[in-house]
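1. Here's a sequence, model it:
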Amino acid sequence: MLKIENLRAEVGGTEILKGLSLDIGAGEIHAIMGPNGAGKSTLSYVLGGRPGYEVTGGSVTFDGQDLLDLEPHERAAAGLFLGFQYPVEIPGVSNVQFLREAANAQRKARGQNPLSGGEFLKLAKEKAGLLKMDMEMMKRAVNVGFSGGEKKRAEMVQMGILDPKFAVLDETDSGLDIDALRVVGDGINAIMRESGKGVLLITHYQRLLDYVKPDFVHVLAKGAIVKTGGPELAAQLENEGYEAVAA
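-> Below is the predicted model of the structure:
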């Protein structure tokens, strides 16, 4: 589903990704762990098409398409979802309004009919219920006044409504307490794993992986994948640290 071959990318003239390769099939969840500055967030931004991140080599194929040849909105319409480490606030725009516009824009790009108000509200209630968010929160401005955990849950609701084929989740566990961690983990499983979709989960810690069991765990260091294993690799990293495991 997502095939990355020898990807190289730089930011402000500094090379961050230095020949990264990764192949993720449909229905697979892959976790990437690594020290600060390894290139984890850079990878997510390159896949999402964020300006300022220049690809200097390699290729990325998504569902049979050249991902790097698509604009960010085209990548989203093709079924790629990017979850941010720090979701932004949008004052004056309610979650319901934002998500209905986003969902119908993607449906139009895919040749589908737009959702009516009633259809959208039914869908929103279903997905919000998975993340234990009530509709009163969904009526509030996007992320304004939300706690860290509420922002991440709202983002998972967004993922459920947009129904992507593949999700890149950048430190989704950041800012979550124990209860929110479980809710978000269950949401990822319900929305993505149970539908046979792909996930690239970027994290620093094993704790989210206790709920979202990855098929593979990769260690990213100095801009490249240096080690791959199963879920046990995450536990080893937690116990021994990156230097000992990736040496």
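
2. hang on, isn't R110 packed against A77?
-> Yes - between R110 and A77 there is a contact under CB atoms under 8 Å: 6.3 Å. (C-beta placed from N, C-alpha, C; glycine too.)

3. Between those two, which has more neighbouring residues?
-> Counting neighbours by other CB atoms under 10 Å for R110 and for A77 shows that A77 has the greater number, 18 against 10.

4. dump the residue contacts of that one.
-> Going by CB atoms under 8 Å, 6 or more residues apart in numbering, A77 touches 105-106, 109-110.

5. In JSON lines: those residues, plus distance to D66.
-> What follows is the contacts of A77, written out as JSON lines (distance: CB to CB, whole Å):
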{"residue": "A105", "distance to D66": "22"}
{"residue": "Q106", "distance to D66": "20"}
{"residue": "A109", "distance to D66": "17"}
{"residue": "R110", "distance to D66": "18"}
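
6. Now do the one helix or strand E10 maps to: distance to the chain's middle.
-> Using DSSP states H and E, E10 sits in strand 2-11. Here strand 2-11 is found 17 Å from its chain centre; the criterion is CA atoms, centre = their mean, to the nearest Å.

7. What pairs with it, parallel or antiparallel?
-> If you go by DSSP bridges, strand 2-11 pairs up with strand 14-24 (antiparallel), strand 53-62 (antiparallel).

8. Quick one: closest of the ones you listed to Q97.
-> For Q97, the closest of the strands paired with strand 2-11 is strand 53-62, at 28.8 Å, according to CB to CB.

9. Following the chain onward from that closest one, which element is next?
-> According to DSSP H and E, the helix or strand after strand 53-62 is strand 65-66.

10. strand partners of that following strand, parallel vs antiparallel please.
-> Applying DSSP bridges, one finds strand 65-66 paired with strand 53-62 (antiparallel).

11. circling back to that earlier point, could the strands paired with strand 2-11 be laid out in CSV, adding distance to Y242?
-> CSV is the format used below for the strands paired with strand 2-11 (distance: least, CB to CB, whole Å):
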stretch, distance to Y242
strand 14-24, 16
strand 53-62, 23
